[in-house]
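K.L.:
Everything below, folded, please.
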Amino acid sequence: MKTAAMGNEQWATGLRDPEPAAPSPALADFAQNVRLGLQRTPKQILPRYLYDELGSALFEAICRLPWYRVTRAEIGLLARHGTDVAACLQSPVTVVELGSGSGEKLLTLLEAMDLEPRPSDIHLIDVSAEALRLSAQALSRLRVSVSLHQTTYRAGLQQMAAARRPDGTMLGLFLGSNIGNFHPAEAQDLLRGIRGTLRPGDALLLGVDLVKPEADLLAAYDDPLGVTAAFNRNLLVRINRELGADFELGAFEHRAGWNAVASRVEMHLVSRRAQRVSIPGAGCVATFAAGETIWTESSYKYDRAGIAALVGPAGFRQREQWIDPDARFALTLFEAAGN
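P.N.:
Residues are numbered from 1 along each chain as shown. Here you go, the predicted model:
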């Protein structure tokens, strides 16, 4: 009855329905990147948009596949060498992780470091709300202060630079070979941003996937179960849901390929036929020829010399490096060099 009365009053006084709420900054940013990316040649959408709630869950499933060995190799290195990392730090320790994932790696490292007292502050920076939730849940058993920052790496680093405490050591974590998702020039720019947050003597722990046989790389990025394909195509599901697009999932297939010249695995969504897709939320229409692709991710692979060449110019010097020879994965501890 109350609802009907309110409706009658609104009709009688001539009041209008409220204007639709303006899109959130995150949705507006997504729309702009989709619009601009689909106007490029080749079409391209930034890989960070793969990680909505479902995308994050699918990626966690990928990490458990037998063909994707990065996560298991890195967790093993963190467990074995946590005390070595701790020996390079002075208390109190502040930890900042870019791209927190499920929190399993950070939990493994903190337990292996066995610091007393525990790190005074932990800051997690990720665009995925689901990843932040999972990480906070995983770390809750340690009874440490955890701050969540749902934002881009660069914005999160700016927040850290403004808020960091005057004493102790900061340990930056960039694990999972996430640095490989950036073009080398962009990766160096990001590393300089990380260095700008750190003081001389602070540390950066970096996980990097190494070059390995092409067959191993393709199995990791185009697994027989199709989990990676679902992860890739979920980007279209997200665009349909959040931007009102009409992508047909069956009209696109997943493709992963090794670009030996650029030393990277590339993931694409390939249009099976000529088609036209409307994306009202981005204010655009995209046309595809048969065989045309959307480039969704690059994953650069390095050798040991390449890691040093990438990170050194950003203002770091290498302290330690540990290699998993079977998975061909490197975990490297860098120190922020003096100015």
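K.L.:
you'd agree residue 238 is in a helix?
P.N.:
Yes. The assignment for residue 238 by DSSP: H, G, I helix; E, B strand; the rest coil puts it in a helix.
K.L.:
so who does it touch?
P.N.:
Contacts for residue 238 (C-beta atoms under 8 Å, 6 or more residues apart in numbering) come out as 49, 52, 54-55. Backbone N, C-alpha and C define where each C-beta goes, glycine included.
K.L.:
May I see the residues you listed organised as JSON lines, with pLDDT added?
P.N.:
Output for the contacts of residue 238, formatted as JSON lines (pLDDT from 0 to 100):
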{"residue": "49", "pLDDT": "95"}
{"residue": "52", "pLDDT": "92"}
{"residue": "54", "pLDDT": "95"}
{"residue": "55", "pLDDT": "94"}
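K.L.:
Going along the chain, name the strands of the stretch 101-250 of the chain.
P.N.:
121-126, 146-150, 169-174, 203-209 (DSSP state E, counting those that start in this stretch).
K.L.:
for the chain, which spans come out with low pLDDT?
P.N.:
1-23, 116-118, 120, 339 (pLDDT under 70).
K.L.:
residue nearest the centroid of it?
P.N.:
residue 99 (4.8 Å; C-alpha atoms, centre = their mean).
K.L.:
number of nearby residues for the closest residue to it other than its chain neighbours?
P.N.:
Nearest non-adjacent residue to residue 99, counting by C-beta to C-beta, 6 or more residues apart in numbering: residue 178, 4.6 Å away. Counted with other C-beta atoms under 10 Å, residues neighbouring residue 178 total 21.
K.L.:
what's stretch 156-176 in contact with?
P.N.:
Under C-beta under 8 Å, 6+ apart, the answer for stretch 156-176 is 70-71, 74, 78, 85, 89-99, 101, 105-106, 109, 119-121, 123, 125, 149, 151, 193-194, 196-199, 201-207.
K.L.:
Can you list which of the residues you listed are found in helices?
P.N.:
The helices, defined by DSSP state H, take in 70-71, 74, 78, 85, 105-106, 109, 193-194, 196-197 from the contacts of stretch 156-176.
K.L.:
May I ask which two of the residues you listed are separated the most?
P.N.:
71 and 196 (28.9 Å; C-beta to C-beta).
K.L.:
how's the chain carved up into domains?
P.N.:
25-62+215-300, 70-210+303-336 (automatic domain parsing).
K.L.:
Give me the distance between the shortest one and the centre of its chain.
P.N.:
It refers to domain 25-62+215-300. 15 Å (C-alpha atoms, centre = their mean, to the nearest Å).
K.L.:
mind checking the end-to-end distance for that domain?
P.N.:
Taking C-alpha to C-alpha, to the nearest Å as the measure, domain 25-62+215-300 stretches 30 Å from start to finish.
K.L.:
which ones are touching the residue nearest to the centre of the chain?
P.N.:
So residue 99 contacts 125-126, 131, 153, 174-176, 178 (C-beta under 8 Å, 6+ apart).
K.L.:
can you name the two of those residues that are farthest apart?
P.N.:
Within these, 131 and 174 form the most distant pair, 14.3 Å apart (C-beta to C-beta).
K.L.:
what about those two, which has more around it?
P.N.:
Shown here are residue 131 and residue 174; by other C-beta under 10 Å, residue 131 has more neighbours (25 against 21).
K.L.:
Skipping its backbone neighbours, what lies nearest the more buried one in space?
P.N.:
residue 56 (5.0 Å).
K.L.:
Please, which helix or strand holds residue 294?
P.N.:
strand 293-300 (DSSP states H and E).
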